[in-house]
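Colleague: Build me a structure from this.
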Amino acid sequence: MKLYVYKWLLVVFAFAKAFTLVAQEDRPAESLSLEQAISLALESNKAIKIEQKRTEISEEQVSIGNAGLLPTLNLIGTVNYSNNDADLTIRTFQPTPPTVNFNESGVTSTTMQGVLQADYTVFAGFSGKYRYKLLKGQNQIAQYQQQAIINSTVRDVSELFLEIAKLQRRQELLKETIKIETDRISRISDQKQFGKATGLDVLRAESNLNRDKTSLDKVLLAKNNLKRNLNFLIGYEAERKYWVTTTYTINELEDVATIKADILANNPTLLLANQGIELADTEINLSRSRNLPRLDVFANYGYFNQENDVQQLAEITNIGYTVGGQLTFNIFNGNQTKKAIQTAKLRKEESQLQQEQLSDRLITDAITEVNRIEILKEQLSREQQNIGSFEEAYTRTEERFKKGNATNLDLRDAQTALLNAQIIIAELQADLMRSHIVLDTLRGKI
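Modeller: Just a heads-up that it's a prediction; the model follows:
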């Protein structure tokens with residue numbers, strides 16, 4: 001039975017070793033810091049570039065001409081030709097004959113006209129003013145949307161980067177552990193030759209090594225998947241390799257009142273919602289402007305010529321100018337204006353509710369991050385105090401193992417405890433930094 005187990009473990013060990021050689025990777029020469037990753041995202045991220053173009057398009061729309069506040073000037077030219085059968089009766093205003101009849105086929109008439117005409121709306125219930133204000137508000141919304149996309153992208157890049165940093169640190173620790181395990185197997189094999197260890201001790205050590213290699217394979221797989229997602233955000237090729245470098249700093253938290261004030265004043269998503277309320281007010285005023293009179297004026301200068309076959313006027317030619325105006329006041333339009341005003345008011349109420357909901361959500365998220373930061377700081381402090389004890393316990397156990405006073409299992413337990421403590425510290429540092437970044441994005445400080 002022992003021989004069967006021994007052979008089975010050898011097969012597993014050989015397979016795991018071959019798989020790990022494929023999966024493990026050397027440390028790339030290129031390095032990438034969080035600041036560099038964010039900078040690359042701001043320069044190369046497609047979502048940000050698309051939003052920048054939308055902002056540029058919106059800026060191009062802001063003009064008094066698009067709001068209808070400038071006159072229009074048109075050059076109009078028309079040509080008409082007709083060919084008809086004509087039956088005309090013309091009074092001669094003489095007793096004999098009192099009328100003259102014409103009955104002709106193929107009677108032609110040619111009309112040509114060219115006009116240069118200017119049209120201008122003098123007053124339309126201030127609708128031009130409100131349309132211009134709407135264009136400016138829509139441009140402001142585009143700018144806030146761009147800020148929100150930048151905010152979101154920075155947050156996504158930071159979270160991915162820090163998750164990669166956590167896995168990378170785990171990778172380093174596991175590689176170090178594997179190296180120690182490999183050396184230990186060599187020592188146990190030597191001890192076996194002198195009768196101080198058994199074949200089972202060797203198998204247990206090799207089994208522990210295989211577990212660590214399998215853990216390393218999983219870490220590498222997860223890290224490389226996250227790197228592809230990060231590469232997409234920062235404009236790198238999907239398989240580009242690099243080593244992330246991170247300096248963990250612990251910032252002091254400001255009081256909750258200051259954080260709330262920053263959110264209300266600077267959060268781009270909330271500013272976007274506030275701008276929506278302002279636009280709703282403008283929509284209400286624009287709808288109300290339809291209740292006021294409208295005055296349009298025009299002036300043109302043109303040429304008119306008409307030639308006729310059998311009409312009394314054989315040819316007509318006019319050259320000159322015409323000016324005019326039109327005053328319109330709508331008395332009743334089926335309550336369309338009234339309904340438009342009511343709809344605009346309802347949209348404003350909807351925007352206000354959405355703004356209040358968003359404000360509450362953002363403040364709740366910020367307070368959650370503040371509490372998380374406080375808890376993470378306490379946990380990190382405790383783990384940093386404990387790490388010395390784990391290191392000392394591992395060192396003593398290793399010395400006892402070398403002297404034969406501790407088993408391989410004892411050393412493995414001490415090593416695992418130290419590894420877990422180191423991983424916990426690395427992950428707490430990354431989580432703490434992530435929470436600070438999330439809080440800064442909520443406050444609009446990115």
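
Colleague: all strands for the stretch 101-250 of the chain, in order.
Modeller: Along the stretch 101-250 of the chain, counting by DSSP state E, counting those that start in this stretch, strands occupy 243-245.

Colleague: which residues in it form helices?
Modeller: Remark: helices assigned in the stretch 101-250 of the chain by DSSP state H, counting those that start in this stretch are 127-193, 199-234.

Colleague: and the angle for the last one with helix 127-193?
Modeller: Between helix 199-234 and helix 127-193, the angle formed by their directions is 160 degrees, by axes from the mean of the first three to the mean of the last three C-alpha atoms, to 10 degrees.

Colleague: Buried ones in helix 199-234, by neighbour count?
Modeller: Going by neighbour count (16 or more other C-beta atoms under 10 Å), the buried part of helix 199-234 is 201-206, 208-210, 212-213, 215-217, 219-220, 222-223, 226-227, 230-231, 233-234. Where you see a C-beta, it was placed from the backbone N, CA and C, and this is true even at glycine.

Colleague: on that earlier part again, next, format the helices of the stretch 101-250 of the chain as JSON lines and append mean pLDDT and distance to residue 255.
Modeller: As requested, those are exported to JSON lines (pLDDT from 0 to 100; distance: least, C-beta to C-beta, whole Å):
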{"stretch": "helix 127-193", "mean pLDDT": "92", "distance to residue 255": "23"}
{"stretch": "helix 199-234", "mean pLDDT": "92", "distance to residue 255": "33"}
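
Colleague: So which of these is nearest residue 445?
Modeller: In terms of C-beta to C-beta, the element of the helices of the stretch 101-250 of the chain nearest to residue 445 is helix 127-193, at 9.5 Å.

Colleague: For the closest one, name the packing helices and strands.
Modeller: Packing partners of helix 127-193 (3 or more C-beta pairs under 8 Å, 6 or more residues apart in numbering; DSSP states H and E): helix 34-44, helix 46-61, helix 199-234, strand 243-245, helix 268-288, helix 408-442.

Colleague: Dump the ones you listed into a markdown table; add distance to residue 84 as well.
Modeller: Putting the helices and strands packed on helix 127-193 into a markdown table (distance: least, C-beta to C-beta, whole Å) gives the following:
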| stretch | distance to residue 84 |
| --- | --- |
| helix 34-44 | 70 |
| helix 46-61 | 49 |
| helix 199-234 | 71 |
| strand 243-245 | 86 |
| helix 268-288 | 49 |
| helix 408-442 | 76 |
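
Colleague: For residue 143, find the nearest of these.
Modeller: Among these, helix 46-61 comes nearest to residue 143, with 5.7 Å by C-beta to C-beta.

Colleague: Report the angle between that closest one and helix 127-193.
Modeller: If you take the same axes, to 10 degrees, helix 46-61 sits at 170 degrees to helix 127-193.

Colleague: Check which helices and strands helix 46-61 sits against.
Modeller: Other elements packing on helix 46-61 under the criterion 3+ C-beta pairs under 8 Å, 6+ apart are helix 127-193.

Colleague: helices and strands of the protein: which one bottoms out on pLDDT?
Modeller: Least confident element among the helices and strands of the chain, by mean pLDDT, DSSP states H and E: helix 2-23 (a mean of 35).

Colleague: Can I get stretch 391-404 in PDB? Just the C-alpha atoms.
Modeller: The C-alpha coordinates for stretch 391-404 follow below in PDB (Å, rounded to 0.1, in the frame of the first residue of the first chain):
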ATOM      1  CA  GLU A 391       9.000  35.700  11.500                       C
ATOM      2  CA  GLU A 392      10.600  34.800  14.800                       C
ATOM      3  CA  ALA A 393       8.500  31.600  15.100                       C
ATOM      4  CA  TYR A 394       9.500  30.500  11.600                       C
ATOM      5  CA  THR A 395      13.200  31.200  12.300                       C
ATOM      6  CA  ARG A 396      13.200  29.200  15.500                       C
ATOM      7  CA  THR A 397      11.300  26.400  14.000                       C
ATOM      8  CA  GLU A 398      13.700  26.200  11.100                       C
ATOM      9  CA  GLU A 399      16.700  26.100  13.500                       C
ATOM     10  CA  ARG A 400      15.000  23.300  15.500                       C
ATOM     11  CA  PHE A 401      14.200  21.400  12.200                       C
ATOM     12  CA  LYS A 402      17.900  21.600  11.200                       C
ATOM     13  CA  LYS A 403      18.800  20.100  14.600                       C
ATOM     14  CA  GLY A 404      16.200  17.400  14.300                       C
END
